[in-house]
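Predicted structure and sequence below. I'll ask about it afterward.
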Amino acid sequence: MKYFLLFFGMLFSLILSAQEAYKFKTVTDLETTPVISQGVTGTCWSFSSISFLESEIIRLTGKKIDLSEMYQVRNTYPLKAENYIMRQGKAQFSEGGLAHDVMNSVAKNGLVPKEAFSGLSEGQENHNHAEMVAVLEAMLKTYIDNPGRRLSKNWRAAVEGVLDVYIGKNIQTFNFEGKQYTPQSFLVMTKIKPEDYVNLTSFTQAPFYSQFILNIPDNWSNGSFYNVPLDEMMATIDNALEKGFTVELDCDVSEKTFSSKDGVAVIPENAENNIKALQGIYPEKKITQQYRQDEFENYATTDDHLMHITGMLRDQNGTKYYKVKNSWGTDETKTAKGGFVYFSEAYMRLKAISVMVHKDALMEKTSKKLNL
């Protein structure tokens with residue numbers, strides 16, 4: 001009898017310690033456009049922000065419009081080149097960017113549908129900017145090296161020429177659903193107002209409820225962010241989703257505990273469970289403001305990807321997760337949830353660099369503290 005009880009106790013202990021597979025229940029699932037792929041490009045900032053704006057257009061007008069990501073990319077590269085040239089190469093020139101780069105472009109250049117500007121050459125089906133970026137960077141470095149001993153006035157035209165070849169010439173007018181538009185009149189039709197969107201972050205190197213320039217590599221345009229406490233940033237995300245607003249996200253996906261293939265992103269309390277936690281539930285680390293700050297300052301948290309938060313879920317233990325739309329396509333060998341990844345609350349608290357929301361998605365107390 002004693003041995004039987006001992007065996008039963010060991011068996012019960014094993015059952016308790018065994019991994020329990022995830023079972024998710026949807027809490028909020030807001031409407032968005034289909035998942036697509038950014039291809040071989042570093043333009044997640046445009047794909048995610050355009051997806052965000054597509055959901056905003058659905059919210060504002062009820063229309064489902066497939067917007068052009070490449071129109072904003074086409075109009076942002078000359079500004080990147082200007083920044084790089086005028087800083088004599090002592091600045092970031094890469095494919096990366098942030099959500100405010102798209103909103104700045106939209107305010108200046110308007111919006112166009114993808115059918116009017118695909119950014120693809122004839123016969124090309126997928127985006128691939130590897131050669132274009134290499135050509136641009138080599139050309140800009142040549143101008144900076146200044147072989148003519150005086151900066152040529154031709155560099156802007158040269159940049160435009162490269163972009164014309166690889167992405168396409170800018171358009172002034174186009175037809176959509178039987179009506180002619182300019183990019184600016186199309187923007188008006190969508191009811192998107194770029195000035196209505198705000199960027200929030202949460203770091204302690206700047207006072208809370210102030211604006212500051214977040215020093216991260218892809219912030220080449222020196223965009224400002226409103227700084228709020230971590231709990232308030234998370235509450236803002238929740239409030240937005242509950243009120244029917246999706247959220248744009250800049251985050252770190254370099255962790256082994258982020259997996260598009262498994263469709264989850266978590267922060268296990270014990271690092272020994274990092275891989276196992278991609279298939280089932282393990283206790284997660286408590287993420288404080290200080291821990292978040294420490295991980296950012298020691299480069300353990302970096303900004304390397306932008307995505308689109310479209311919903312909220314809970315697992316069988318009641319743990320909160322966020323439904324996050326990716327731009328890596330829907331290949332079932334590479335993604336488990338149709339191109340979405342479920343971020344645990346712990347992962348979001350630690351790895352969300354910043355978020356962008358419509359100002360009406362803010363909590364009233366936050367709006368007052370930010371004077372919005």
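Looks like it arrived, so ask away.

Mind jotting down where the strands sit in the stretch 151-300 of the chain?
174-176, 179-181, 197-201, 211-213, 224-227, 247-251, 258-259, 264-265, 280-281 (DSSP state E, counting those that start in this stretch).

wait, the stretch 1-150 of the chain
20-21, 25-29.

give me the low-pLDDT residue ranges for the chain?
For the chain, applying pLDDT under 70 flags the ranges 1-18.

Spatially central residue in it, please.
The chain has residue 306 as the residue nearest its centroid, 1.7 Å off, counting by CA atoms, centre = their mean.

That one bridge partners, please.
residue 250 (DSSP bridges).

quick one on the thing from earlier: can I get the strands of the stretch 1-150 of the chain in CSV including distance to residue 82 and mean neighbour count?
Where C-beta positions appear, they are placed from N, C-alpha and C, glycine not excepted. Output for the strands of the stretch 1-150 of the chain, formatted as CSV (distance: least, CB to CB, whole Å; neighbours: other CB atoms under 10 Å):
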stretch, distance to residue 82, mean neighbour count
strand 20-21, 52, 11
strand 25-29, 41, 13
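
Save these as TSV, and put in distance to residue 176 too.
Below are the strands of the stretch 1-150 of the chain laid out as TSV (distance: least, CB to CB, whole Å):
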stretch	distance to residue 176
strand 20-21	46
strand 25-29	28
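
so which of the ones you listed comes closest to residue 73?
Put simply, out of the strands of the stretch 1-150 of the chain the one that sits nearest residue 73 is strand 25-29, at 28.9 Å, with distance taken as CB to CB.

Parallel or antiparallel, which strands does that closest one pair with?
Based on DSSP bridges, the pairing partners of strand 25-29 within the sheet are strand 305-314 (antiparallel).

do you know how far the closest residue to residue 47 other than its chain neighbours is from residue 337?
Spatial nearest neighbour of residue 47, excluding adjacent residues (CB to CB, 6 or more residues apart in numbering): residue 327 at 3.8 Å. As for residue 327, its distance to residue 337 is 14 Å (criterion: CB to CB, to the nearest Å).

which one of the two has more residues nearby?
residue 327 (24 against 18; other CB atoms under 10 Å).

show me the contacts for the more buried one.
Residue 327 is in contact with 35, 36, 37, 38, 44, 47, 48, 51, 307, 339, counting by CB atoms under 8 Å, 6 or more residues apart in numbering.

Of the residues you listed, which is the nearest to residue 103?
Nearest to residue 103 among those, with distances taken as CB to CB, is residue 48, at 12.2 Å.

Correct me if wrong: residue 189 contacts residue 182.
No: assessed by CB atoms under 8 Å, residue 189 is found out of contact with residue 182, at 10.5 Å.

Among those two, which residue is more densely surrounded?
Between residue 189 and residue 182, counted using other CB under 10 Å, the more crowded position is residue 189 (17 against 14).

Which residue is the nearest non-sequential neighbour of the more buried one?
Per CB to CB, 6+ apart, closest to residue 189 is residue 181, 7.0 Å.

I figured that neighbour was touching residue 190, is that so?
No: contact criterion CB under 8 Å: residue 181 and residue 190 do not qualify, at 10.2 Å.

My guess is residue 35 contacts residue 324. True?
No: judged on CB under 8 Å, residue 35 makes no contact with residue 324 at a distance of 10.9 Å.

what sits in contact with each of those two?
Shared contacts of residue 35 and residue 324 (CB under 8 Å, 6+ apart): residue 340.
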